[in-house]
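Trainee: Give me a 3D structure for the following:
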Amino acid sequence: MSVPTCSHRKADGILCGSPALRGQNLCYWHHRDLRREHHVAQLRRRTETLLVHLLPLETPQDLQLALFDVLDALAANRIDPARASAVLFGLQQVASHRRDSQAA
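Mentor: Residues are numbered from 1 along each chain as shown. Below you'll find the model as predicted:
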């Protein structure tokens with residue numbers, strides 16, 4: 001009776017050779033590692049921040065666009081809520097400072 005084997009190649013180029021999971025090409029260990037890699041990649045994508053994409057905050061429109069970008073990233077779960085809170089607080093401070101400097 002022939003049993004399908006794991007198709008994972010080790011660093012030395014040799015196939016793993018362990019029995020593959022039913023209906024899969026990989027053994028238990030390599031299938032688990034692949035799932036873990038996918039999970040880590042998803043977490044990285046989810047926690048990517050848009051902070052490097054924020055434009056300089058020179059006009060009120062720039063502030064509003066930055067606000068929308070942060071809220072959009074928060075709603076799409078692309079930014080950590082604590083980081084979003086800090087960025088929103090910073091945007092609030094910039095807006096407040098801008099109002100105070102225009103009033104003077």
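
Trainee: mind showing which ranges of the protein have poor pLDDT?
Mentor: Within the chain, the segments meeting pLDDT under 70 span 1, 45-53, 104.

Trainee: separation between residue 84 and residue 39?
Mentor: 23 Å (CB to CB, to the nearest Å). From N, CA and C alone the C-beta is placed, and that goes for glycine too.

Trainee: out of these two, which sits in the more crowded spot?
Mentor: Higher neighbour count among residue 84 and residue 39: residue 84, with 18 against 10, using other CB atoms under 10 Å.

Trainee: Okay, and the residue nearest to the more buried one when sequence neighbours are not counted sits in which element?
Mentor: Nearest non-adjacent residue to residue 84, counting by CB to CB, 6 or more residues apart in numbering: residue 74, 4.5 Å away. Here residue 74 is covered by helix 60-75, with elements defined by DSSP states H and E.

Trainee: quick one: buried residues of that helix?
Mentor: Using 16 or more other CB atoms under 10 Å as the test for burial, helix 60-75 gives 63, 66, 69-70, 73-74.

Trainee: For residue 20, state which of these is nearest.
Mentor: Distance ranking of the buried residues of helix 60-75 against residue 20, using CB to CB, places residue 73 first at 40.0 Å.

Trainee: Isn't that closest one up against residue 79?
Mentor: Yes - using CB atoms under 8 Å, residue 73 makes contact with residue 79 at a distance of 4.1 Å.

Trainee: thinking again about what came up before, ok, so of the buried residues of helix 60-75, who is nearest residue 10?
Mentor: Using CB to CB, residue 73 is the member of the buried residues of helix 60-75 that lies nearest residue 10, at 39.9 Å.

Trainee: Distance of that closest one relative to residue 56?
Mentor: Distance from residue 73 to residue 56, counting by CB to CB: 18 Å.

Trainee: go on, residue 64?
Mentor: Residue 64 sits 14 Å away from residue 56 when distances are taken as CB to CB.

Trainee: And the helices in this structure?
Mentor: Along the chain, the segments classed as helices by DSSP state H run 28-47, 60-75, 81-103.

Trainee: Residue 6 - how many residues pack around it?
Mentor: Neighbours of residue 6 under the rule other CB under 10 Å: 20.
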